[in-house]
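A.B. asks: Got a sequence here, can you build the structure:
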Amino acid sequence: MLKTISIATIIIACASIAAAQDDYKKFEFFVGYSHNRIDTGIGDEDPDLGDIIDEREGFHGFNVSATGNLTRYFGLKGDFSGHFKTRTFPFGSIAVPTANVDVKSRLFNILGGVQLKDNSTEGTFKPFAHALVGVAHVRNRIDFNADVCAAVFPSPCPTDFTDSETGLAGAFGGGLDIRASDSISIRAIQIDYNPTRVFDSTQHNFRIGVGLVFH
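C.D. replies: Model (predicted):
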């Protein structure tokens, strides 16, 4: 009888340990706002070196990601982001100050990799780190306004065009999630170094995001 009770106790203890090890979030989905300080190459005093921190332009956009957790601490992650900005540059003379060119820029990142995070169902503050690689797609739409054609280049008139390229990209960083309920967390901050390789040069971008995590 004593032997039977001992065996039963061991079985229950092992089952409890197994259940505890399996008690973690298996999946999470993030959606949020993202601000990317993008290395446009415009205004750098030295095009070969530049200024990695100061010579950035702010692009607004979004970031979504999905993570499947293989263990309590390790998951596979897919990440997609888009950042956008329209800039206007003068393209005339003092006699024609209204002649300008609009440049509509878009940067998309499609990335995948790994995430490290304590995915247990307990705890409030959940720091995480991730390393992602993939591709970036950059598209610049150049539009000449009517005054360029009418006054600066009456004939031939410059034609609007789009310049685009796809290259390698990555995102290396992390952040902090704060659990709001059993199924929702608030991503208080996410900071990534987001290098891209397009147009035969490397861009040193830095993105910052906030949003909601569903799990």
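A.B. asks: mind checking how far residue 165 is from residue 127?
C.D. replies: Separation of residue 165 from residue 127 (Cβ to Cβ, to the nearest Å): 35 Å. Every residue, glycine included, has its C-beta placed from N, CA and C.
A.B. asks: any weak-confidence spans in the chain?
C.D. replies: For the chain, the stretches flagged by pLDDT under 70 are 1-22, 42-55, 91-98, 145-158.
A.B. asks: which residues in it form helices?
C.D. replies: Counting by DSSP state H, the segments of the chain that form helices are 2-21, 146-147.
A.B. asks: tell me the contacts of the spatially closest residue to residue 124 that is not a sequence neighbour?
C.D. replies: Nearest non-adjacent residue to residue 124, counting by Cβ to Cβ, 6 or more residues apart in numbering: residue 179, 5.1 Å away. By Cβ atoms under 8 Å, 6 or more residues apart in numbering, the contact list for residue 179 reads 123, 124, 125, 126, 185.
A.B. asks: got a list of what the third one touches?
C.D. replies: When the contact criterion is Cβ under 8 Å, 6+ apart, the partners of residue 125 are 176, 177, 178, 179.
A.B. asks: Closest one of those residues to residue 115?
C.D. replies: Of all these, residue 177 has the smallest distance to residue 115: 11.0 Å, by Cβ to Cβ.
A.B. asks: contacting residues for that closest one?
C.D. replies: Listed by Cβ under 8 Å, 6+ apart, the contact set of residue 177 reads 117, 125, 126, 127, 128, 185, 186, 187, 188, 213.
A.B. asks: in the sheet, who's paired with the second one?
C.D. replies: Going back to what we said before, that points to residue 125. Residues in a beta bridge with residue 125, per DSSP bridges, are residue 178.
A.B. asks: Repeat that for the last one.
C.D. replies: Taking DSSP bridges, one finds residue 30, residue 185 as the beta-bridge partners of residue 213.
A.B. asks: Hmm, it is touching residue 187, no?
C.D. replies: Yes. The pair residue 213 and residue 187 qualifies as a contact (Cβ atoms under 8 Å) at a distance of 5.5 Å.
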